[in-house]
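Chemist: show me how the following folds:
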Amino acid sequence: MHAIRAEVADSMDTRMQGLMLRKSMAANDGMLFVFEDSSPQCFWMRNTLIPLSIAFLADDGTVVNLADMKPQSDESHCSAKPVRYALEMNQGWFAKRGVKPGTRIGGEVFAR
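Modeler: So this is what the prediction gives:
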């Protein structure tokens, strides 16, 4: 079990801002993006200064797919299928903990 302290980005404004312009993030901190409906989601790293890994999550918190993202890049990283959630962590966080597609991330938001 690994504790994650995730900020929630659940409005258009907070999702657009994301983790942009931050110079660092604590080891177990991250950002959970919450969308109104399941749909294909794509992320890029323009104006994001730290390398991140992203997990695209199904409604129950199951990891659909993962991607490593380079800072200040316009390269698009998309969900493999429609999702309502995406979790950004410091790059390598998921790999170091053996999190892969099919792993379930727990939390109150997924219990609804």
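Chemist: which stretches of the chain form strands?
Modeler: Assigned by DSSP state E, the chain shows strands spanning 5-9, 29-39, 42-43, 52-57, 63-69, 77-78, 83-90.
Chemist: can you give me how far the second one is from the chain middle?
Modeler: The chain centroid and the centroid of strand 29-39 are separated by 7 Å, computed with C-alpha atoms, centre = their mean, to the nearest Å.
Chemist: buried ones in it?
Modeler: Residues of strand 29-39 classed as buried under the neighbour-count rule (16 or more other C-beta atoms under 10 Å) are 29, 30, 31, 32, 33, 35. (Each C-beta comes from the backbone N, C-alpha and C, glycine too.)
Chemist: kindly reformat these as CSV containing distance to residue 62.
Modeler: Below are the buried residues of strand 29-39 laid out as CSV (distance: C-beta to C-beta, whole Å):
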residue, distance to residue 62
29, 22
30, 17
31, 19
32, 14
33, 16
35, 16
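Chemist: that older thread, which one of the strands of the chain is the most hemmed in?
Modeler: strand 52-57 (a mean of 25; mean count of other C-beta atoms under 10 Å).
Chemist: rewinding a little: just put the strands of the chain in a markdown table and tack on mean pLDDT and distance to residue 19.
Modeler: Output for the strands of the chain, formatted as a markdown table (pLDDT from 0 to 100; distance: least, C-beta to C-beta, whole Å):
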| stretch | mean pLDDT | distance to residue 19 |
| --- | --- | --- |
| strand 5-9 | 96 | 8 |
| strand 29-39 | 97 | 5 |
| strand 42-43 | 98 | 10 |
| strand 52-57 | 98 | 7 |
| strand 63-69 | 98 | 10 |
| strand 77-78 | 98 | 14 |
| strand 83-90 | 98 | 6 |
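Chemist: let's have these in JSON lines, adding distance to residue 16.
Modeler: Formatted as JSON lines, those follow (distance: least, C-beta to C-beta, whole Å):
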{"stretch": "strand 5-9", "distance to residue 16": "9"}
{"stretch": "strand 29-39", "distance to residue 16": "10"}
{"stretch": "strand 42-43", "distance to residue 16": "11"}
{"stretch": "strand 52-57", "distance to residue 16": "16"}
{"stretch": "strand 63-69", "distance to residue 16": "16"}
{"stretch": "strand 77-78", "distance to residue 16": "16"}
{"stretch": "strand 83-90", "distance to residue 16": "13"}
